[in-house]
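# Here's my sequence, what's the structure:
(one chain, ligands or ions: 2)
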Amino acid sequence: MDIIKGISHIGMVVPDVDAAVRFYCEGLGLTLKRRDNYNAIVITPDGVILEISPDGTDKGDYSGITHICLNTYDVDATFQRALSYGAVISRPENPEPYNYNSLRMAFVRTPSGEEIEFWYIEKNGLLREPVADGKYIKNFVHVALTVPDMKECIRFYEGLGAVLKEDWEWGCSLRLADMRELELFTGGYYSEKAYGYTHYSLLTDDVERAAAQVEALGGKKLEQPYDWSNLRICFCQGMGGEVLEFFQMYEDGRAADVFDKAPETLPDVFA
Ligand SMILES: [Fe+2]
Ligand SMILES: [Fe+2]
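Ligands and ions are numbered 1, 2, ... in the order given. I've put the predicted structure just below:
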């Protein structure tokens, strides 16, 4: 059985939580699940959580995350929508959406400072679909990390059950059991760390086993596993210094924080 079942959430800190919620929910059409006097829980249509906390409050202070990638219905429309909600162009060499193999893609930096990549994967020769009801985002695609040693990080994530999908030498992608992906980059422009992302979280069936495997592979356990709501949690650190939080979901009826059970495994968005 895979140690990693997939991606649970992305942690980020922002200067203004309500402004970030407005960008992601009113702007891009994601769903606000909860806003308390501390943070906000925003959910993609496929059940990945953006855990948005006030600046200076999150555990992970170095995530290595450079960007996250969201699959859209229409990259051009989503890009324009993001700009109209205060996002800016994040990569001067790509000031507008462009085609790459069977993808239409674009990068922006949100008003809070984190970078997002938008995708549309060509279907039936088309590069867009209609956006309905202001829902611009289809699903979560990948988390990108900057790492000092790509080969070492590939070995680490393969040891947790990820499968190397593409290796471009300057970067690579690894697929997780839920069909979502990790991108690793080293050196040069793509290693630039985006402001805001602090950690990301992986679903597992066994937090103790996942943490033990991290240690066996040369990573670090940052604390002892603990229970909180219907979750068992352990913060660890990978080979690139990235902070990963393992989530195990108890399905025994105890009060849930956000989900009673793990979101379903995804259909292959690349198929
Ligand atoms: Fe978290
Ligand atoms: Fe990416």
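# Pop out the phi and psi values for the spatially closest residue to Ser8 that is not a sequence neighbour.
Using CB to CB, 6 or more residues apart in numbering and skipping the chain neighbours, the partner closest in space to Ser8 is Ser201 (4.1 Å). Heads up, the C-betas are built off the backbone N, CA and C, glycines and all. Ser201 has phi and psi values of phi -120, psi 140 when expressed as degrees, to the nearest 10.
# so how many other residues sit close to Ser201?
Neighbourhood size, Ser201 [other CB atoms under 10 Å]: 22.
# interface residues of the stretch 101-250 of the chain facing ligand 2?
117, 144, 183 (CB under 5 Å from the ion).
# Weed out the non-buried ones from the residues you listed.
For those, a neighbour count by 16 or more other CB atoms under 10 Å gives the buried set as 117, 144, 183.
# quick one: which of those residues sit in strands?
Applying DSSP state E to those, the entries found in strands are 117, 144, 183.
# got those residues as JSON lines, with pLDDT and distance to ligand 1 columns?
Shown next, in JSON lines, are those (pLDDT from 0 to 100; distance: CB to the ion, whole Å):
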{"residue": "Glu117", "pLDDT": "96", "distance to ligand 1": "21"}
{"residue": "Ala144", "pLDDT": "91", "distance to ligand 1": "18"}
{"residue": "Glu183", "pLDDT": "93", "distance to ligand 1": "20"}
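# Tell me the one of those residues nearest Ser102?
Proximity of those to Ser102 (CB to CB) peaks at Glu117, which lies at 15.4 Å.
# now, among the ones in strands among the buried ones among the residues of the stretch 101-250 of the chain next to ligand 2, which is nearest to Gly64?
Nearest to Gly64 among these, with distances taken as CB to CB, is Ala144, at 9.2 Å.
# what sits opposite that closest one in the beta ladder?
Applying DSSP bridges to Ala144 gives these bridge partners: His67, Glu183.
# and the residue in the stretch 51-200 of the chain positioned nearest to ligand 1, what helix or strand is that in?
Going by CB to the ion, ligand 1 is nearest to Glu51 of the stretch 51-200 of the chain, at 5.0 Å. Element membership of Glu51 [criterion: DSSP states H and E] is strand 49-54.
# In that strand, which residues are buried?
49-53.
# Which pair of these spans the longest distance?
For those, and using CB to CB, no pair is farther apart than Ile49 and Ser53, which are 12.0 Å apart.
# still on that earlier bit, format the ones in strands among the buried ones among the residues of the stretch 101-250 of the chain next to ligand 2 as CSV; extra columns: distance to Lys261.
Formatted as CSV, those follow (distance: CB to CB, whole Å):
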residue, distance to Lys261
Glu117, 29
Ala144, 28
Glu183, 28
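# Out of those residues, flag the one nearest to Phe107.
Glu117 (5.3 Å).
# show me where the stretch 151-271 of the chain has helices.
207-216 (DSSP state H, counting those that start in this stretch).
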